[in-house]
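Q: Below are the sequence and a predicted model for it; my questions follow.
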Amino acid sequence: MTMKKLLRKVLLLDLLQGLSLTFRYQDPKEIYTEQYPLQRPEVAERYRGAPRLNVNPDTNETLCIACDLCALACPEHLIVVTSERNEKTRRKELTTFTYDLSRCMFCGLCEDACPTDALELTQDFELANYTREGAIWDRQTLEQGPQPTVYKK
Amino acid sequence: MSEILKSEQSASSVKHLELEATPSPAYLDSDELILNMGPQHPSTHGVLRVILKLDGEKVMGTECVIGYLHRGVEKIAEHRTYAMFNPYVDRMDYVAAVSNGLGYCEAVEKLLNIEAPPRAQHIRVILAELNRLASHMLWLGTHALDIGAITPLFYTFRDREEILKIFEKYCGARLTTHAFRIGGCLYETYEGFEDECRNFVKFVRPKIDEYETLLTTNRIWVERTKGVGYISGDDCKAMGVTGPVLRASGVKWDIRKAQPYSGYQNFDFDIPVGTNGDTYDRYLVRIAEMRQSLRIIEQAVEKLPEGPVMAKVPKVVKPAVGEVYHGIESPKGELGYFIVSDGSTQPYRIRVRPPSFVNLQALDMMVRGALVADVVAVIGTIDIVLGEVDR
């Protein structure tokens, strides 16, 4: 062992180097804590969170044309779409749309498949529920989206 | 049943013998103890159970019991179309989901005889290398934590967060990304993607030096890792061990160089190689790999070509009858996909060659004769993810 190495060892230089590094992070600027329910994180624009069934904002009619492509694209087969043929307009009309969030893995294949951009994965990420049934969303919940409690600072 | 499990049974019958006060001679002779480590042990990195055969504190043999996280990913594939199976591969090695997706998409592309456009390939390389950094950072944090150094965990997770932010902005998810599709990428880069990658490289370079300040010369770290868990290069080859564990034993083998994929041949980077094949060398190799990844990201961002991000892929993916094997260098080693197609829209069989599973088999070789505390260090150093071991 050379003299230099011995001195390093005796003077605890290796440990002091590490300690000085951690000491530099004492600065309050370096604190990364997020006060969650009061301060909600902003997720990215492309974030894949809660699904939403979009409606036309002018007429309040659903954009879904009940083509069933999302249900076919879903790897977990958790979307069930039912439709009815309207004899007047001779078009298929959406009756129910069920989305089982408890089995969803948010892969986004359903939103890729949607030809009218009716089904969309949104930036809402607070999906906790007290019951298992609460995770199965019907058409109304899908159109309104989740309503998480907002806390005041 | 293996030998070690048999002796486990005899150990459980020991109590009865004591009560009867007529200990058998075999019991008196044996001073070996069977100890269960896991599956809930905090430093087994998931649900791994290791049965240790101990003589005092010396490890005489180990046996890994795996399968606690088995979800049957390979079987699920047989009932999904090629596109539908894509999100499932993210859930194997969940700390390096991008690499899994890259391997799978490239394997199916090979089967379909298409190639992703150059822009998509560059995006893939950038994300895969970012993911390698994220995986190594998580490994460093947890591995150091296992051995007793808590501080690196905070720093590595802080820096990993920046990578996850880029993932979230690019593809909408942080961990199980589902970033790539068969034939390229679904998403075009977002505005400011290139600048963010450049800034990240600048931000993280000094941080890697910080990790080294904390660990490389630290006497406790050196004592705990040098000479621990030795495995020779020949043994590695015999066991099929790949990745940083193989390279730390002095074998220069990296699929990115040996069988380039996704345009890795266009980038200039080195393969860090160790000499001693111990835990300390594996640490050094991974740290060096992180620096090389930064180099690749820099080059890929500079060279990022214009053009489409998706090749022409038929709407219904229906490969011809045949089979294909495609291996990539995931952060943990060679990740291979073997796909058999029967000409339908669903794969006939998908077999995954997970690096964690193969590397874990070398655990026994590495810890035989070591102490119990070293088992923790060695499990950490081979960098296993149980989601991938059990699939």
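A: Looks like it came in fine.

Q: contacts for stretch B:304-320?
A: Stretch B:304-320 is contacted from outside by B:81-83, B:108-109, B:111-112, B:114-120, B:122-123, B:126, B:181-189, B:194, B:341, B:343-345, using C-beta atoms under 8 Å, 6 or more residues apart in numbering or on different chains. (Each C-beta comes from the backbone N, C-alpha and C, glycine too.)

Q: buried subset of these?
A: Among the contacts of stretch B:304-320, those buried by neighbour count (16 or more other C-beta atoms under 10 Å in any protein chain shown) are B:81-83, B:108-109, B:111-112, B:114-120, B:122-123, B:126, B:181-187, B:189, B:341.

Q: and these near chain A, which?
A: Within the set of the buried ones among the contacts of stretch B:304-320, contact with chain A (C-beta under 8 Å from any C-beta of the partner chain) is found for B:83, B:186, B:187.

Q: pLDDT and secondary structure added to those, as a markdown table?
A: Output for those, formatted as a markdown table (pLDDT from 0 to 100; DSSP: H, G, I helix; E, B strand; the rest coil):
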| residue | pLDDT | secondary structure |
| --- | --- | --- |
| B:83 | 89 | helix |
| B:186 | 85 | coil |
| B:187 | 85 | coil |
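
Q: out of the buried ones among the contacts of stretch B:304-320, which are inside strands?
A: B:181, B:184, B:185, B:341 (DSSP state E).

Q: Tell me the one among the residues you listed nearest to residue B:174.
A: Closest approach between these and residue B:174, by C-beta to C-beta: residue B:185, at 17.2 Å.

Q: tell me which parts of chain A are close to chain B?
A: A:9, A:14-15, A:17-18, A:21-22, A:32, A:43-48, A:73-75, A:105-109, A:112, A:121.

Q: rerun that using 7 Å as the cut-off
A: Contact residues, chain A versus chain B (C-beta under 7 Å from any C-beta of the partner chain): A:14-15, A:17-18, A:21-22, A:32, A:43-44, A:46-48, A:75, A:105-109, A:112.

Q: just for the chain, where's the confidence low?
A: You didn't pick a chain, so chain A it is. Residue ranges of chain A with pLDDT under 70: A:1, A:153.

Q: um, chain B though
A: In chain B (pLDDT under 70), the answer is B:1-30, B:43.

Q: and the spatially most central residue of chain B, how far is that from chain A?
A: Closest to where the C-alpha atoms of chain B average out (C-alpha atoms, centre = their mean) is residue B:332, at 3.1 Å. Distance, residue B:332 to chain A, by C-beta to the nearest C-beta, to the nearest Å: 23 Å.

Q: What residues does residue B:210 make contact with?
A: Residue B:210 makes contact with A:21, B:155, according to C-beta atoms under 7 Å, 6 or more residues apart in numbering or on different chains.

Q: quick one: secondary structure of it?
A: Judged by DSSP: H, G, I helix; E, B strand; the rest coil, the three-state class of residue B:210 is helix.

Q: Check residue B:61 too.
A: Going by three-state DSSP: residue B:61 is strand.

Q: what bridges to it?
A: Taking DSSP bridges as the rule, residue B:61 bridges to residue B:53.

Q: Run through who's touching stretch B:281-296.
A: Counting by C-beta under 7 Å, 6+ apart, B:125, B:129, B:132-133, B:136, B:139-140, B:201, B:204-205, B:208, B:211-212, B:225, B:244-245, B:247-248, B:267, B:269-270, B:272, B:274-275, B:381 sit against stretch B:281-296.

Q: For the buried ones among those, write the corresponding ChimeraX selection.
A: Buried residues among those (16+ other C-beta under 10 Å), as a ChimeraX selection:
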select /B:125,129,132,133,136,139,140,201,204,208,211,225,244,245,247,248,267,269,272,274,381
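
Q: restrict the contacts of stretch B:281-296 to those near chain A?
A: Within the contacts of stretch B:281-296, nothing lies near chain A by C-beta under 7 Å from any C-beta.

Q: end-to-end on stretch B:240-259?
A: Stretch B:240-259 has its terminal residues 17 Å apart, counting by C-alpha to C-alpha, to the nearest Å.

Q: Tell me how many other residues surround the residue in the stretch 251-391 of chain B positioned nearest to chain A.
A: Residue nearest to chain A within the stretch 251-391 of chain B (C-beta to the nearest C-beta): residue B:315, separated by 10.5 Å. Per other C-beta atoms under 10 Å in any protein chain shown, the neighbour tally for residue B:315 reads 6.

Q: Contact partners for the residue nearest to the spatial centre of chain A?
A: Relative to the mean C-alpha position of chain A, the nearest C-alpha, by C-alpha atoms, centre = their mean, is the one of residue A:49, at 2.1 Å. By C-beta under 7 Å, 6+ apart, residue A:49 lies in contact with A:43, A:121, A:122, A:123, A:124, A:125.

Q: so of these, which ones are in strands?
A: Going by DSSP E, the strands hold residue A:121 from the contacts of residue A:49.

Q: among the contacts of residue A:49, who's most crowded?
A: So for these (other C-beta under 10 Å), the most neighbours sit at residue A:121, 21 neighbours.

Q: Is it correct that it is in contact with residue A:107?
A: No - the criterion here is C-beta atoms under 7 Å, and residue A:121 misses it with residue A:107 at 9.2 Å.

Q: about what we covered before: now a PyMOL select for only the buried ones of the residues of chain A next to chain B.
A: Typed into PyMOL, the line below selects the buried ones among those, using 16+ other C-beta under 10 Å:
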select buried, chain A and resi 14+18+21+43+44+46+47+48+75+105+106+107+108+109
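
Q: Could you list which of the residues of chain A next to chain B belong to helices?
A: A:14, A:15, A:17, A:18, A:21, A:22, A:109, A:112 (DSSP state H).

Q: of all the residues in chain B, which ones are close to chain A?
A: B:80, B:84, B:87, B:151, B:158, B:168-169, B:171-173, B:178, B:186-187, B:210, B:213-214, B:217-219.

Q: List buried residues within these.
A: Buried among the residues of chain B next to chain A by 16+ other C-beta under 10 Å: B:80, B:84, B:87, B:151, B:168-169, B:171-173, B:178, B:186-187, B:210, B:213-214, B:218.

Q: Quickly run through the sheet partners of the helix or strand containing residue A:95, with directions.
A: Assigned by DSSP states H and E, residue A:95 belongs to strand A:91-100. Next to strand A:91-100 in the sheet, as set by DSSP bridges, lie strand A:79-86 (antiparallel), strand A:136-137 (antiparallel).

Q: could those be laid out in JSON lines, adding mean neighbour count?
A: Below are these laid out as JSON lines (neighbours: other C-beta atoms under 10 Å in any protein chain shown):
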{"stretch": "strand A:79-86", "mean neighbour count": "15"}
{"stretch": "strand A:136-137", "mean neighbour count": "20"}
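
Q: The ones you listed into JSON lines, with extra columns for distance to residue B:375?
A: As requested, those are exported to JSON lines (distance: least, C-beta to C-beta, whole Å):
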{"stretch": "strand A:79-86", "distance to residue B:375": "47"}
{"stretch": "strand A:136-137", "distance to residue B:375": "45"}
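
Q: Check which element follows whatever helix or strand residue B:300 lives in along the chain.
A: In this assignment (DSSP H and E), residue B:300 forms part of helix B:279-303. Once the chain leaves helix B:279-303, the next helix or strand it forms, by DSSP H and E, is strand B:322-330.

Q: Endpoints of stretch B:81-97, how far apart?
A: 19 Å.

Q: Need the residues that contact that stretch.
A: Contact with stretch B:81-97 is made by A:75, A:105, A:107, A:109, B:73, B:76-77, B:99-101, B:104, B:108, B:131, B:134-135, B:138, B:175-178, B:181-182, B:317, B:330-332, B:345-347, B:352, B:354, B:356, B:385, B:387-388, B:391, as judged by C-beta under 7 Å, 6+ apart.
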